[in-house]
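Visitor: here you go, sequence then predicted model.
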Amino acid sequence: MNFNARVTLAIKNFFKKYGRIILIVFIIWLIVFLINQFLKNRPKVQSMINTYTPDEPIIDDGGGVPELYKPNINSTVENYFNFCNNKNYEEAYNMLTDECKKYLYGNDITIFKEYVDTIYNGKKIYNLQNYSNVGETYIYDMVVLDDIEATGTTGGYEPYKEKIALHKEDKGFKISNQGYIESVDYNIVTEDENIKVSVNSKDVSYKKEGYNVTLTNKTDKYIVIVDNSINNEITLNLGDQKRKVTNYSNATLVLNPGETREEVFIFDKFYDDQKTPREISLENVRVLENYIIDMENTSASADKMYSYNIELK
């Protein structure tokens, strides 16, 4: 057998023995090559999410962001983001409203640090879109996501989205984050011969309102306000509808003789729905000589049962 024949036979034997493996390796290489080409040529994540009108509200109620405010708002958010992204906790914390610091973080910067470390757990980028505006409060959707150019990752991340509010103040803008908007003072006091109710303030988030109230039993009897014996024992009147309290579905609210308690009544309500709260109603107040946790008997044994309304002026 001459040399050329031996070479040809050797090649045939090699491909017969290893041809299948070579084919599999080639297919894998081709798949990897095609994926890399796709990732190179696809639009960057940021440009996919970006809007061309970040300062135009998604909910268009005629209250767009004034042109004069747009640069200041965008620079405020950019500074806040950079402080968070670079773990400059104190600088970022000081950009929040005092009300936000108190409500969300209990005036404790260490809780804010935990929030930052959870969201900004690597180099990030952000996207901003105006959502709606009420007065001089400008609400934006803020999306925080991985910076794939800095990290070299190609996916697997989970974008974080929250609503932030920009509040106009004398020296610029302050931020409230995580959907929180503001606190509103009321200082409303009403009473009858049985009960005294003070509506002190409310904390407003984008999707809910929490009314901070003080309740005093003026009698030597028990006063039952909530025991889930009817569906809507505390309601918020919005004019065209009533909303039931959301945080007492599996709880009771009973005032002992002479007792004073501070409570929070939380109702579902969108900040930009243009509905004005009119009154809070305690729909099923019962005055009892003795109170036993028995839903079937509290109404029947009540000395007095009535609805108590607190007008929100």
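Guide: Perfect, thanks for sending it.

Visitor: extract the residue ranges of the chain that are flagged as low pLDDT.
Guide: By pLDDT under 70, the low-scoring segments of the chain are 1-19, 33, 36-52, 55, 60-62, 148-157, 293-300.

Visitor: now do the strands in it.
Guide: With DSSP state E as the criterion, the chain has strands at 124-134, 137-146, 160-169, 172-176, 180-191, 195-205, 208-217, 222-226, 234-237, 242-244, 253-255, 260-268, 279-288, 304-311.

Visitor: tabulate these (JSON lines), appending mean neighbour count and distance to P57.
Guide: Backbone N, C-alpha and C define where each C-beta goes, glycine included. Formatted as JSON lines, the strands of the chain follow (neighbours: other C-beta atoms under 10 Å; distance: least, C-beta to C-beta, whole Å):
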{"stretch": "strand 124-134", "mean neighbour count": "20", "distance to P57": "5"}
{"stretch": "strand 137-146", "mean neighbour count": "20", "distance to P57": "8"}
{"stretch": "strand 160-169", "mean neighbour count": "18", "distance to P57": "12"}
{"stretch": "strand 172-176", "mean neighbour count": "20", "distance to P57": "16"}
{"stretch": "strand 180-191", "mean neighbour count": "16", "distance to P57": "15"}
{"stretch": "strand 195-205", "mean neighbour count": "19", "distance to P57": "18"}
{"stretch": "strand 208-217", "mean neighbour count": "19", "distance to P57": "21"}
{"stretch": "strand 222-226", "mean neighbour count": "23", "distance to P57": "38"}
{"stretch": "strand 234-237", "mean neighbour count": "22", "distance to P57": "26"}
{"stretch": "strand 242-244", "mean neighbour count": "16", "distance to P57": "25"}
{"stretch": "strand 253-255", "mean neighbour count": "20", "distance to P57": "39"}
{"stretch": "strand 260-268", "mean neighbour count": "16", "distance to P57": "22"}
{"stretch": "strand 279-288", "mean neighbour count": "20", "distance to P57": "30"}
{"stretch": "strand 304-311", "mean neighbour count": "14", "distance to P57": "32"}
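
Visitor: spatially central residue for the chain, please.
Guide: G179 (4.0 Å; C-alpha atoms, centre = their mean).

Visitor: ok, it touching K207?
Guide: Yes. Counting by C-beta atoms under 8 Å, G179 does reach K207; the two are 6.7 Å apart.
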